[in-house]
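> Sequence isn't available, so here's the structure alone:
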């Protein structure tokens, strides 16, 4: 198993978290402990679980943590839809972020499949 920092999916998810933090800075200030916080936590969970699973050095454990990361992708995808519906994100921002989270999710699926 490669070191997690060498994994393209981990690198992409780190970049995604950075973009999520920058994007959610523009959300309404009265929402700071609401949706932006939820999105940020779910996004941070993606690379964190990839790293933790990789560090376990057991294929079943690694696979389980990758599935948790994939679940976090679904959380983020849902929260981005809510953000768009509330007009916290415009259509272009939503599409850009949604494409990235779907790509990360697909990469996680590939990695999970390669472990089985």
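Thanks, I have it. Just so it is clear, the model here is predicted, and its values are computed rather than measured. Residues are numbered from 1 along each chain as shown.

> So what's the gap between the host helix or strand of residue 114 and the chain middle?
Assigned by DSSP states H and E, residue 114 falls within helix 91-115. Chain-centre distance of helix 91-115: 8 Å, with Cα atoms, centre = their mean, to the nearest Å.

> now swap in stretch 49-59 and tell me
16 Å.

> Which residue, neighbours along the chain excluded, lies closest to residue 14?
Of all residues not flanking residue 14 in the chain, residue 47 sits nearest, at 5.1 Å (Cβ to Cβ, 6 or more residues apart in numbering). Where C-beta positions appear, they are placed from N, C-alpha and C, glycine not excepted.

> so who does residue 50 touch?
Contact analysis of residue 50 by Cβ atoms under 8 Å, 6 or more residues apart in numbering lists 4, 7, 9-10, 13, 65-66, 69, 108.

> Can you flag which of these belong to helices?
With DSSP state H as the criterion, helices contain 9-10, 13, 65-66, 69, 108 from among those.

> before we move on, the earlier item: of the contacts of residue 50, closest to residue 54?
Of all the contacts of residue 50, residue 4 has the smallest distance to residue 54: 3.9 Å, by Cβ to Cβ.
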